[in-house]
Structures are given as structure tokens and as C-alpha cells.
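> sharing a model prediction with you, sequence too.
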Amino acid sequence: MNEKDLGYRRVQSTGRGSYIISLPKDWAQNIGLRRGSEIAFTVQSDFSLVLTPRALKEKSMQVEKPELKEYCLTVDIKDDPQSVQRMIKALYAIGADIMQIRFKNAETSVKYKPEIKNFARDLFLGSEVIEEASNEITFQILIRHPEFPIERAVRRMSILALTADRDAISYFENGNQDAYQNVLNAYNDINRLSLYVVRQLKYGIERNLYKELGFETPKEFLLYRILVNDIKNITENALNITRALTDFHKLVKDKTLFIREQVDEETYLQVLNFNALAHQLFEDSMKAMFKKDYKDAERVIAKRQSYTSLENELVRLMYSKKLDPHIATILRLFLDNSRRIMDHSQDIAELTLNWTVEEVCTKLAFA
């Protein structure tokens, strides 16, 4: 039913501190109101009042089994594998519950089915194969928000991102392949978690379920979407470092690249210290966001700005030491990476400011 303007009603006072307003007769009759019927009153964020008859409210609160979103995709031998994977990934992101992949012939099935099964298993949280035949495979996404809330997923992402960054730097020190694999695993885990968060955010936006997702206002949808990208970028930088270091270690091992001298200990320790400051700043920005603390977010931004001079001093130190150019390149890579972490931390702090500023100003106005 479309909205209908019922005009204005005059408020009356009983003289005992209560206010009375008459309900529109046609409306009351249409919904079956009688003497003694109960009406629920709900105050909105803009202080408007919503009146809902008890019967309608109880009906709306009944949990209905959601209709599953099912999609079917037909794959041909001529299709590009990466394009097929992107389409399946997009279906997951928009909230598909069941995805049926059909293969046109036996050749297509042999080529694509194992690859698609591995792709879905590695990238989709809660994905299970519920049906499989020679010419098709069907996935169902079983995990739901109450089982794994968005905030918990984002917290896990932030821990993995910093762990990946630490492993990337340790890979330079020892060249241990375990460190490289740890970074790669963290990157894959964050991809999986970020895609899950995007899926949940889209689900909530479409149904206006911000409260059910644990949010106070709808604007938190955008906040978490930006936050996920910042965390992903930290892990991508860590992976890029490990790939560059893999090439470096290989060239040194093959004696294609000759290092003139070992790493200068003073410079290296200063770079590590700068990286530790970046990690602490990131952790502080995440804490401020989860606490919804405007003042703590301001402190993060102030710290970030104060670290600019420290970064410049480190650059001057590296030039003054006249390091081996290959070692200098790696140390500068670490330095740039730490700066990016600090920049992401400031971005997150600014998100917190935008999120909480209205509440802070309201409190000041009534102080």
C-alpha cells in the first residue's frame, strides 16, 4: 500500500501531564482496532513517532524462512577460465545462496570442474558442494551473519594483515620459504574474509538490516566497505614485498647479483623501529574505530603527522651511509610500506571522526 497523507491532528492535554491525540477513524477501522487494542510506539532517529498495531508488529517480528537466491551458469570450452571465475565470484558477492555450474560437454567438465571446485573452496567462506554430476556442480553458501558477524571478520582481517607484514620483513632476514608461504596464506585468508564482508554488507543494504548486522546507523555500511579495502591493501603490499624478495634471494643465490656489503645494522634497526611504529598506529586506529572514540582517532592523526619528520630523517640516514644500491632499494621498500600502513591508519581514524562527530557535537551542545 502506498503512503497516504492523513493531515494534521491537534494535540490535547488532560491536565494530568498526559497528551491525547485522536486516531483517524478510517485507518482504525481498516486495521481492525477496537476498544482495548494495543498500539506500539517507536521513536525514530529524527524524533518522529511510528504507531504500529500490536497484531501487525507481532506478525512482522515472526521469522520467515528467507527465499534462497539461486543462479545457474553454463560454461563452454571456449570460455576464458578467469572470466568464469570472476562471474562466480560476483555471484557470491551479490548474495547468491545456491550456484549451479553446468558444463556443455564432457571436455568442458574435465577442464573446468576441478578448477572451479578449488576456486570456490579457497575463496568462498561457508561454501559446500551439495550436488555433483558429470556435467554440473552445485554450491550452496551455508554461513550466515549471526554465526560470523562482520565486526569479528574485520578484526580477524586486521590481525592477519599485520602478521603478513611482519612475515614479509622476516623473509628478508632469513629467506625462509615458510615466511613467504605465511604471507601468501594470510593474503588468501583476507581475500576470503573481505569478500564475505562485502557479501554481508550488500545483503544488509538491500534489506535495510543495519541493526541486525550490529550497526547503529546505515552509514556504517560505507565505513566498513572502505575499511576492508584499507586492510586488504596492507596485505597486498606485504605480498608484493615477498615477491620482490623472492627475486632478490634467487639472484643472490644464483650469483647473478653481488651484494657489495652486508646490511648496515643502525639503518636496518631504524627501519624496523619505523615499521613497529606503523603497526602500533594501525592497531590504535582500529581500537579507536571499534570503541567509536573521537578523541583517540584524533590522537592517531596527530601521531601520523608527527612521524613525517622521522621518515625524512631515515631517508637522509640511508643516503649518508652510502649503502649497497640493492640493499638500499629493499630498505626503501620497507620504509615506503610502513608509510602506507600509517596512511591507512590515518584513513581509518578519519572514518572514525566522520562516524562519531555528530554524537560528539551533540554532547557538547547540551553540556
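Received the coordinates, thanks.
> ok but residue 129 is inside a strand, no?
Yes. Residue 129 sits within a strand when classified using DSSP: H, G, I helix; E, B strand; the rest coil.
> would you check that it makes contact with residue 137?
Yes. Counting by C-beta atoms under 8 Å, residue 129 does reach residue 137; the two are 6.2 Å apart. The way it works is simple: take the backbone N, C-alpha and C, and place the C-beta from them, glycine included.
> what strand or helix carries residue 137?
When elements are assigned from DSSP states H and E, residue 137 belongs to strand 136-141.
> what sits up against that strand?
The contact list for strand 136-141, computed with C-beta atoms under 8 Å, 6 or more residues apart in numbering, reads 92, 96-103, 113, 116-117, 120, 124-132.
> over to stretch 36-52?
Residues from elsewhere that reach stretch 36-52, judged by C-beta under 8 Å, 6+ apart: 23, 33, 53-54, 57, 60, 217.
> again, 10 Å this time
Outside stretch 36-52, the residues that touch it by C-beta atoms under 10 Å, 6 or more residues apart in numbering are 21, 23, 27-28, 31, 33, 53-60, 216-218.
> what's the average pLDDT for the helix or strand harbouring residue 247?
Residue 247 belongs to helix 220-253 when assigned by DSSP H and E. Rounded to a whole number, the mean pLDDT of helix 220-253 is 91.
> helix/strand/coil for the residue nearest to residue 233 when sequence neighbours are not counted?
For residue 233, ignoring the flanking residues on the chain, the nearest one in space by C-beta to C-beta, 6 or more residues apart in numbering is residue 344 at 6.3 Å. Following three-state DSSP, residue 344 is assigned to helix.
> can you pull the pLDDT of residue 344?
97.
> same deal with residue 266?
For residue 266, the model assigns a pLDDT of 90.
> just checking, it touches residue 331?
No. Taking contacts as C-beta atoms under 10 Å, residue 266 lies outside contact range of residue 331: 11.5 Å.
> now do the shared contacts for these two.
The contact lists of residue 266 and residue 331 share 317, 321, where a contact means C-beta under 10 Å, 6+ apart.
> next helix or strand past the helix or strand of the chain with the lowest mean pLDDT?
Least confident helix or strand of the chain, by mean pLDDT, DSSP states H and E, is helix 54-61 with a mean of 69. Proceeding N to C from helix 54-61, the next assigned helix or strand is strand 70-75, under DSSP H and E.
> relative to strand 136-141, how tilted is that next one?
140 degrees (axes from the mean of the first three to the mean of the last three C-alpha atoms, to 10 degrees).
> what does the helix or strand just after strand 70-75 contact?
Per DSSP H and E, the first helix or strand lying C-terminal to strand 70-75 is helix 81-93. Applying C-beta under 10 Å, 6+ apart, the contact partners of helix 81-93 are 69, 71-73, 75-76, 79-80, 96-99, 101, 111-112, 115-116, 119-120, 123-127, 139, 141, 191, 195-196, 198-199, 201-202.
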